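[1] Below are the sequence and a predicted model; questions follow.
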Amino acid sequence: MRRIVGKAIAISMFVAASFAVVVVSNAPLQAQEISEEHIAAAKKAISATSGTEQLNGILPAAADNLAGQLIASRPDLEAQITDFVNESALELAPRRGDLEKEVAMIYARVFSEEELLKISEFFSTTPGQKFLTELPLIIREMGKASNLWGTGINRDLSKKVQEKLDAAGLN
């Protein structure tokens, strides 16, 4: 289930970013300097699409994992380990801004400033927000439908091939 949810998040990010693009450039990622306005448009699009929300769990997950490992080897120090891990995680929290900047650069290399503004504009509307809200459900339902369809296709393909093998006397 976690793998499906992870895929759903990745797919939703892709769909959300590409859905609002009116004209997608076929040019390779831009190598030139990116203007401050372009970065600002990227940040606006990221904000409108909640494009980095799923990244908020990286530091807490790392802290939980580390605390669990350390406590497993030294259960007698659970309180101190928990305090040290939490304290250290809080010290590292400001680095989250570096990730935001990197994601904004990725958006800016992939989308033009105009495209980013259109993305931001769409996802700031009621239909855009509804799209983001309902996308996990849509992806989940698409997964169910595609699994069911795939099962039927596999069954029918196998049946048709078996019929052809039988008709050719190859069985």
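    Nice, thanks for sending it over.
[2] Only C-alpha atoms from now on, for both contacts and neighbour counts.
    Noted.
[3] Let's see the pLDDT reported for the nearest residue to Ile34 once chain neighbours are set aside.
    Closest residue to Ile34 apart from its sequence neighbours, by CA to CA, 6 or more residues apart in numbering: Ala108 at 7.2 Å. Per-residue confidence (pLDDT) for Ala108: 98.
[4] Same check on Ala17?
    Ala17 is given a pLDDT of 49.
[5] Likewise for Ala45?
    So, for Ala45, pLDDT stands at 97.
[6] Go ahead and list the helix or strand containing it.
    According to DSSP states H and E, Ala45 maps onto helix 36-49.
[7] following the helix or strand that contains Asp64, which helix or strand comes up?
    Element membership of Asp64, judged by DSSP H and E, is helix 58-73. Next along the chain after helix 58-73, taking DSSP H and E as the criterion, comes helix 78-92.
[8] Could you check how far the closest residue in space to Ala93 that isn't next to it in sequence is from Val103?
    The shortest distance from Ala93 to any non-neighbouring residue, by CA to CA, 6+ apart, is to Leu59 (7.4 Å). Leu59 sits 16 Å away from Val103, going by CA to CA, to the nearest Å.
[9] Packing partners of the strand or helix carrying Gly152?
    Here Gly152, judged by DSSP H and E, is contained in helix 126-167. Packing contacts for helix 126-167, counted by 3 or more CA pairs under 8 Å, 6 or more residues apart in numbering; DSSP states H and E, involve helix 2-19, helix 113-123.
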